[in-house]
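Novice: here is a sequence together with a model predicted from it:
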Amino acid sequence: MSSINHRTLGAADYQADLEVDFANEDQTGLIWAWLDHARDEAVVAPGAVLILRDGEDFAMGQVVDLVTVDQGTVVHLRLLPGAVEDYQAALERAAPRSA
C-alpha cells in the first residue's frame, strides 16, 4: 500500500496546473484565466482536466476552449464537482493492486 494512503493530502501537496480567480466569469458564463498563468501551457487544451488554484483554494476544472485576444490567450473553464481529494481517492481505488 502506498504511503499516500496513510496521511491526508493538503493544499501544499498539490501543484496547480493553472492559477485562476474563481470569481472571474465572462459573458459566456464560464470562469476564465490567462494561458500564461499555466504551470505548463502544453497541458492546457480543450477537454483537458486541470487542477485549478485561487490563492489557497483548489478545484478541478475542465478546459472548454482557448480564445486568442489582443492581450494573450484566454482559457475558458468549467468547474467540476467535488474536491481535488475526491479525484485523488478515485484514482487510488482504480490503480492496479500489486500481487
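Specialist: Arrived safely.
Novice: going by C-alpha atoms from here, please, whenever you check contacts or count neighbours.
Specialist: Fine.
Novice: is residue 49 in contact with residue 77, as I believe?
Specialist: No - counting by Cα atoms under 8 Å, residue 49 does not reach residue 77; the two are 9.4 Å apart.
Novice: list residues touching both of these two?
Specialist: 61, 62, 63 (Cα atoms under 8 Å, 6 or more residues apart in numbering).
Novice: the more surrounded of residue 49 and residue 77?
Specialist: residue 77 (27 against 19; other Cα atoms under 10 Å).
Novice: secondary structure class for residue 23?
Specialist: Here residue 23 is coil, with the state taken from DSSP: H, G, I helix; E, B strand; the rest coil.
Novice: got the phi and psi for it?
Specialist: Dihedral angles phi and psi of residue 23 (degrees, to the nearest 10) take the values phi -90, psi -10.
Novice: how close does the residue lying closest to it once chain neighbours are set aside get to residue 78?
Specialist: Excluding the flanking residues, the one nearest residue 23 by Cα to Cα, 6 or more residues apart in numbering is residue 31, at 7.2 Å. According to Cα to Cα, to the nearest Å, residue 31 stands 7 Å off from residue 78.
Novice: and if you look at residue 37?
Specialist: Separation of residue 37 from residue 78 (Cα to Cα): 17 Å.
Novice: okay, which residue is most central for the chain?
Specialist: residue 51 (1.9 Å; Cα atoms, centre = their mean).
Novice: mind listing what that residue touches?
Specialist: By Cα under 8 Å, 6+ apart, residue 51 lies in contact with 15, 16, 17, 18, 58, 59, 60, 61, 84.
Novice: quickly list what it is bridged to.
Specialist: In this entry, residue 51 is beta-bridged to residue 60, by DSSP bridges.
Novice: pLDDT wise, what is it at?
Specialist: Model confidence at residue 51, expressed as pLDDT, equals 94.
Novice: distance check, it against residue 70.
Specialist: Taken as Cα to Cα, the span from residue 51 to residue 70 is 26 Å.
Novice: before we move on, what about residue 31?
Specialist: 19 Å.
Novice: who has more neighbours out of these two?
Specialist: Legend: neighbour count by other Cα under 10 Å for residue 31 and residue 70, higher for residue 31 (22 against 5).
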